[in-house]
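# my questions are about this predicted structure, shown below with the sequence.
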Amino acid sequence: MTTKIEDFNKLQLRNDLPDVRPGDTVRVYQKLHEKKDQEAKQAKAQSFEGLIIARKHGKGISATITVRKMISGVGVEKVFPLHSPLIEKIDILRRGKARRAKLYYLREAKGRKAKLKKREAKALIIEDKPAIEEKPAEETEATNE
C-alpha cells in the first residue's frame, strides 16, 4: 500500500533526463531565480560543464549528481538534484570509462591520472536485407508473353 507522500513523489519524478553515470562529462543547464519585475518568459539558464564524480540516492526523488570542473586551477564541485524543476536539461558531452561508483580520487589526481578513458559505445549493426521482392503484376505479364 502506497502512502500519499510516495504517490506525490512519483508525480514529481522527471522522465526527460538522460542516463548519466560517474565518469560522464556533462553540461547541466540550471534556471536562474527570477526577479519579481521580470516575466517568467525571460528566465535565463546558466550552464555548468564538468565531470560527474558521484551519483547518490538511487533513482528516487532525492537523487543527486556531483559535477566537478576546474576553474583557473581550482576545483569546483556542484551538487545537482536530478528531479529539481530548476534543472532545465542535461547534455552528455562525453562518456568516460569508470570502474568505480564514486570518483573522489580525481580530486587529488593530476595530469594524466586525472583523465578518464572514453567508453566505447556499443552500436548494434543491423543490415537491411530486403525481404523477398515481389514483382509487380505488369512486369510478370510482360515476361510471360
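Noted; the coordinates are in hand.
# next, name the residue at the spatial heart of the chain.
By Cα atoms, centre = their mean, the chain has its centre lying nearest to residue 18, at 3.4 Å.
# look up the pLDDT of residue 100 for me, please.
pLDDT, residue 100: 92.
# any stretches of this structure with poor pLDDT?
Residues of the chain that meet the criterion pLDDT under 70 lie in 34-42, 121-145.
# now the strands for the chain?
Using DSSP state E, the strands found in the chain span residues 25-31, 45-56, 64-71, 74-81, 87-94.
# so who does the residue nearest to the centre of the chain touch?
Residue 18 sits next to 90, 92 when contact means Cβ atoms under 8 Å, 6 or more residues apart in numbering. Every residue, glycine included, has its C-beta placed from N, CA and C.
# kindly recompute the last result at 10 Å.
24, 26, 89, 90, 91, 92 (Cβ atoms under 10 Å, 6 or more residues apart in numbering).
# tell me the contacts of the last one?
With contacts taken as Cβ under 10 Å, 6+ apart, residue 92 has the following neighbours: 18, 19, 20, 21, 24, 25, 26, 27, 52.
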